[in-house]
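> I'll drop the sequence and a predicted model, then ask my questions.
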Amino acid sequence: MPRNWDIVIKNALLVDGTGNQGTYADVAIAGDKIDRVDRRIPATAKTVIDASGAVLCPGFIDLHNHTDLAALAYPYCESHIMQGITTSVVGNCGLSMTPLEPRNLHLLKQYLGPFLPAGFDWGWDWRQSGEYHRRIESSGLSMNMAPLSSQGSIRLAVRGFDSSESSPSEIEEMKRLLRDELEEGSWGMSAGLIYPPGCYAVTEEIIELAKVVSDYGGVYTTHLRNEGDRLVEAVDEAIEIGRSAKVKVEVSHHKALGRHNWGKVNATLREMEKARKEGVDISCDCYPYRACSTTLTACMPPWTMVGGVQGMLERLKDTEARKRIASEIRDSSVEMENMIKGSGWEGILIASCPVNHEFDGKSLAEILSQTYPNRDIYEAFFDFMLEINGEASMVAFAMDEADVRTVLTHPMSSVITDAWLTKAEATEKPHPRSYGTMARLFQRYVREEGVLSLEDAVRKVTSQPATVVGLPNRGLVREGFAADLVVFRPDSIYEESTFQTPNQYPRGIDHVIVNGRMTVAFGRHTGALAGRILKKTVI
Ligand SMILES: [Zn+2]
């Protein structure tokens with residue numbers, strides 16, 4: 001029976017998210033749900049979209065990003081929504097805005113500082129995730145967010161930037177905070193084991209917390225303890241956590257950093273396959289670029305960050321400490337993610353430097369040689385750190401394209417942005433993944449290189465991430481599922497953002513529907529704020 005639907009999309013190639021071959025079908029939406037999927041549906045709706053020549057698929061689910069850190073500043077989620085992302089899984093890499101312990105608020109601000117948009121008054125008047133999410137919902141949001149709790153923020157709330165081993169009572173306190181967050185509907189816990197203070201936790205401490213996640217049927221996502229020289233050992237640790245805590249594990253942005261480590265992902269993927277056969281539910285994700293992006297302080301040995309960024313800056317005023325840090329980085333003599341060795345001074349670009357945006361887009365090699373001519377490069381780097389108060393984000397070219405392809409095309413991987421929120425008017429130079437990830441997936445890896453089928457690429461950004469998180473009723477085009485949908489043109493989808501001019505939306509993504517609302521129509525944001533905070537139902 002024809003009825004008055006809200007939206008009918010006709011004549012599209014329907015790629016439903018399962019990975020099955022696309023078929024021509026129409027889709028009708030009533031309210032916030034997909035009401036009908038059929039070969040032909042009459043065009044009796046308030047809005048009828050003719051999608052001839054285009055693909056209709058589930059809205060993209062970005063399993064790993066940091067958009068929660070900017071949701072209040074960017075309610076329209078421009079850089080995400082314009083690339084077709086309708087749901088963001090947030091709170092990754094052990095970084096989140098909660099729990100907020102007033103005693104340690106100054107440390108949390110420093111911890112998250114490089115990741116937060118500058119010049120925005122946050123208020124910082126929440127404590128638990130439920131309160132923060134109500135703040136986001138009250139200002140509105142263009143996409144859905146599914147929150148994870150974060151081990152880094154939890155440890156910071158209990159222990160600040162203390163690198164010593166936690167006592168049993170401190171671990172109990174962390175477990176209590178984690179339980180509160182899971183009761184609020186978080187989907188699991190993330191860790192960022194290169195970032196202080198989260199990285200100060202030994203494996204057993206993580207296992208204790210992961211057991212709580214397991215009790216709630218959640219997922220443990222991990223930025224591994226090392227993605228370079230000790231990548232294999234770090235994957236082993238993630239598997240051990242999965243096995244001991246009986247928890248589902250997602251290895252975040254899987255990669256091998258540094259030329260001398262390239263190729264190691266072949267071994268780590270095999271390790272993960274083996275663990276899966278042995279009953280550990282482990283999978284991974286990746287972003288489709290050779291460069292990573294994080295805070296500039298990730299270049300420093302972890303011990304320098306005891307006491308937070310301020311502690312690190314104090315150490316940089318000491319000649320002996322400078323000598324020690326320089327030798328540790330130069331000789332790779334401590335266990336750390338050696339970003340400088342992995343990328344070289346010329347391979348690290350400043351993405352955003354709040355103290356002086358003149359540095360944005362320039363390489364460390366260029367900045368250091370121009371600002372401190374004839375000075376030893378390490379001394380120059382330490383002077384620079386002091387000058388900018390340790391506050392900058394960076395883009396680092398440390399990966400091999402062959403590795404990117406290996407992880408991207410593996411059946412167990414999802415494709416992610418790992419991005420912050422931004423918009424085209426921004427002046428910083430963020431990693432182009434902020435805008436271009438989804439377009440790049442379909443342009444480069446499906447159309448140009450043909451290493452992924454269209455259907456498999458869609459699966460990697462829809463049902464696969466939905467399954468990892470356990471998100472119900474999203475990630476497939478099915479009757480009764482949420483009406484989160486994307487219409488894009490597979491022959492003319494283009495990533496427009498580049499490392500030098502990143503602030504550009506992709507081309508070829510025509511329509512984005514979030515919870516039944518047209519949020520992008522004919523390539524333009526409609527201003528709709530139909531997103532929701534998606535919470536896990538606690539049984
Ligand atoms: Zn990370």
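Nice, I can see it.
> what's near enough to touch the closest residue to Thr409 other than its chain neighbours?
In space, and not counting its chain neighbours, Thr409 is closest to Val451: 5.3 Å by CB to CB, 6 or more residues apart in numbering. (Each C-beta comes from the backbone N, C-alpha and C, glycine too.) Contact analysis of Val451 by CB atoms under 8 Å, 6 or more residues apart in numbering lists Arg405, Leu408, Thr409, Tyr445.
> and if we set it to 10 Å?
Listed by CB atoms under 10 Å, 6 or more residues apart in numbering, the contact partners of Val451 are Arg405, Thr406, Leu408, Thr409, Arg444, Tyr445, Ala457.
> just the closest of the residues you listed to the ion, please.
Taking CB to the ion as the measure, the ion sits nearest to Leu408 out of the contacts of Val451, at 17.0 Å.
> from what I see, that closest one and Tyr287 are in contact.
Yes: using CB atoms under 10 Å, Leu408 is in contact with Tyr287, at 8.9 Å.
> mutual contacts of these two, please.
His254, Val415, Leu441.
> mind listing what the closest residue to Tyr289 other than its chain neighbours touches?
Spatial nearest neighbour of Tyr289, excluding adjacent residues (CB to CB, 6+ apart): Arg433 at 5.6 Å. Residues in contact with Arg433 (CB under 10 Å, 6+ apart) are 65, 79, 83, 287-289, 291-293, 395, 416-420, 440, 495, 497, 502.
> please redo it, this time with the cut-off set to 8 Å
Tyr287, Pro288, Tyr289, Ser293, Thr417, Asp418, Ala419, Arg440.
> which of the residues you listed fall in strands?
If you go by DSSP state E, those have Ser293 in strands.
> for the contacts of Arg433, which one is nearest the ion?
Using CB to the ion, the contacts of Arg433 come closest to the ion at Asp418, 6.3 Å.
> contacting residues around that closest one?
Listed by CB under 8 Å, 6+ apart, the contact set of Asp418 reads His64, Asn65, His66, Asn92, Ser252, His253, Tyr287, Cys292, Ser293, His431, Arg433.
> pLDDT score for it?
Asp418 is assigned a pLDDT of 96 by the prediction.
> gap between it and Ser129?
Using CB to CB, to the nearest Å, one obtains 21 Å as the distance from Asp418 to Ser129.
> same deal with Glu137?
12 Å.
> what about these two, which has more around it?
Taking other CB atoms under 10 Å, Glu137 and Ser129 do not tie; Ser129 has more neighbours (29 against 15).
> give me the domain ranges for this structure.
60-290+399-470+479-491+505-520, 294-397 (automatic domain parsing).
> do the first one and the ion meet?
When you say that, I think you mean domain 60-290+399-470+479-491+505-520. Yes: for domain 60-290+399-470+479-491+505-520, a contact with the ion is found by CB under 5 Å from the ion, at Cys93, His223.
> mind listing what's buried along the helix or strand hosting Leu209?
Under DSSP states H and E, the secondary-structure element containing Leu209 is helix 203-215. The neighbour-count check on helix 203-215 (16 or more other CB atoms under 10 Å) flags Thr203, Glu205, Ile206, Ile207, Glu208, Leu209, Ala210, Lys211, Val212, Val213, Ser214 as buried.
> distance from the chain centre to that helix, please.
22 Å (CA atoms, centre = their mean, to the nearest Å).
> please apply the same query to stretch 396-405.
Using CA atoms, centre = their mean, the offset of stretch 396-405 from its chain centre is 17 Å.
> quick one: the strands in the stretch 1-150 of the chain?
5-14, 23-30, 33-38, 45-50, 55-58, 60-62, 85-90, 144-147, 149-150 (DSSP state E, counting those that start in this stretch).
> could you redo those as CSV and give each row distance to Gln464 and mean pLDDT?
What follows is these, written out as CSV (distance: least, CB to CB, whole Å; pLDDT from 0 to 100):
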stretch, distance to Gln464, mean pLDDT
strand 5-14, 18, 98
strand 23-30, 20, 98
strand 33-38, 19, 98
strand 45-50, 26, 96
strand 55-58, 11, 98
strand 60-62, 8, 98
strand 85-90, 12, 98
strand 144-147, 14, 98
strand 149-150, 22, 97
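> as JSON lines, the ones you listed with mean neighbour count would be great.
Listed next are the strands of the stretch 1-150 of the chain as JSON lines, based on neighbours: other CB atoms under 10 Å:
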{"stretch": "strand 5-14", "mean neighbour count": "21"}
{"stretch": "strand 23-30", "mean neighbour count": "20"}
{"stretch": "strand 33-38", "mean neighbour count": "17"}
{"stretch": "strand 45-50", "mean neighbour count": "16"}
{"stretch": "strand 55-58", "mean neighbour count": "27"}
{"stretch": "strand 60-62", "mean neighbour count": "31"}
{"stretch": "strand 85-90", "mean neighbour count": "30"}
{"stretch": "strand 144-147", "mean neighbour count": "26"}
{"stretch": "strand 149-150", "mean neighbour count": "30"}
